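Undergrad: Curious how this folds, go ahead:
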Amino acid sequence: MNSKLFVYSGWAIVWTLALYYIYTNALRYFNPSYEIYTPDFKPYAPFIVIHVAGGMTALLIGPLQFFTSLRNNYPRLHRRIGRIYLTSIMFAGVAAVYLAIFDNIIRKKEFIFATGTMGMALAWFITAGMAFWAIKKKNFSQHKEWMIRSYVLTSNFILFRLMFYGLLEIEDFQFKDDIGSVTAWASWSIPLLITEFILQARKIKNSIA
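TA: Residues are numbered from 1 along each chain as shown. Purely as a prediction, here's the structure:
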């Protein structure tokens, strides 16, 4: 009971943070009068909307894939949610790559930030694709592991903002001009590395036992 309470509390925190940042950050991209939509940026508006909508969808429905009771009692629903999750990632990731190349690199010359977001998108594609491949092969343990990795990357929407605003609030931080570029890389690579460490450490521990 305590372990279930711990798990559900953790997901409740994730959903709370997701809803908070969606409300305070993401929803404004659906407003055509939002100040970011300058004449230079307006051509990219459809791609930012697709990226945000796909990311929001994956972020909010992703946790449902990890609920054992839903997976066991409603397998068809579990599969449908999984398809929506993977499709959302595909659209959001493609839009992110487009924006990184044409807006960040070509228009704004933000090379480091753009490569960070493209690295994130590539990792997103790979982890989601491996999760799909594993379940098609009925390798359930690998499917679960790749879904964990995938959702850690999906949570980049939250982690990026926590890291970005956190560093921005440090008065003595001397590299504030580089926060965006650093965060674009660190907000997904470090959590993914920690996740991999935990997943592999569990295997090592179980093999010794």
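Undergrad: Please compute how far the lowest-mean-pLDDT helix or strand in the chain lies from its chain's middle.
TA: For the chain, the helix or strand with the lowest mean confidence is helix 2-21, at a mean of 87 (criterion: mean pLDDT, DSSP states H and E). Distance of helix 2-21 from the chain centroid (Cα atoms, centre = their mean, to the nearest Å) equals 16 Å.
Undergrad: Check stretch 202-209 too.
TA: When distances are taken as Cα atoms, centre = their mean, stretch 202-209 is centred 29 Å away from the chain's centroid.
Undergrad: buried ones in that stretch?
TA: Counting neighbours by 16 or more other Cβ atoms under 10 Å, one finds that stretch 202-209 has no buried residues. C-beta here means a position set from N, CA and C on the backbone, and glycine is covered the same way.
Undergrad: Read off the pLDDT value for Ile208.
TA: Note on Ile208: pLDDT of 66.
Undergrad: same question but for Ala201, I mixed them up
TA: 94.
Undergrad: Tell me which helix or strand the residue lying closest to Ile148 once chain neighbours are set aside sits in.
TA: Distances taken as Cβ to Cβ, 6 or more residues apart in numbering place Thr195 nearest to Ile148, at 6.4 Å, with adjacent residues excluded. Taking DSSP states H and E as the criterion, Thr195 maps to helix 179-208.
Undergrad: same check, this time on Leu122
TA: Assigned by DSSP H and E, Leu122 falls within helix 111-136.
Undergrad: now for that helix, which elements pack on it?
TA: With contacts taken as 3 or more Cβ pairs under 8 Å, 6 or more residues apart in numbering; DSSP states H and E, helix 111-136 sits against helix 75-98, helix 140-154, helix 179-208.
Undergrad: Look up how far Ile194 lies from the residue nearest to Pro63 when sequence neighbours are not counted.
TA: Sequence neighbours aside, Trp11 is the residue nearest to Pro63 in space, at 4.8 Å (criterion: Cβ to Cβ, 6+ apart). Using Cβ to Cβ, to the nearest Å, Trp11 is found at 18 Å from Ile194.
Undergrad: Looking at those two, which is more packed in?
TA: Trp11 (14 against 11; other Cβ atoms under 10 Å).
Undergrad: Ala128 versus the more buried one, what's the distance?
TA: Distance, Trp11 to Ala128, using Cβ to Cβ: 20 Å.
Undergrad: Phe197 now?
TA: Phe197 sits 21 Å away from Ala128, going by Cβ to Cβ.
Undergrad: Between those two, tell me which one has more neighbours.
TA: The residue with more neighbours, out of Phe197 and Ala128, is Ala128; 26 against 10, by other Cβ under 10 Å.
Undergrad: tell me the centre residue of this structure?
TA: Residue closest to the average C-alpha location in the chain (Cα atoms, centre = their mean): Thr154, at 1.6 Å.
Undergrad: Please name the nearest non-neighbouring residue to that one.
TA: Thr154 sits nearest to Ala58 (Cβ to Cβ, 6+ apart), 4.8 Å away.
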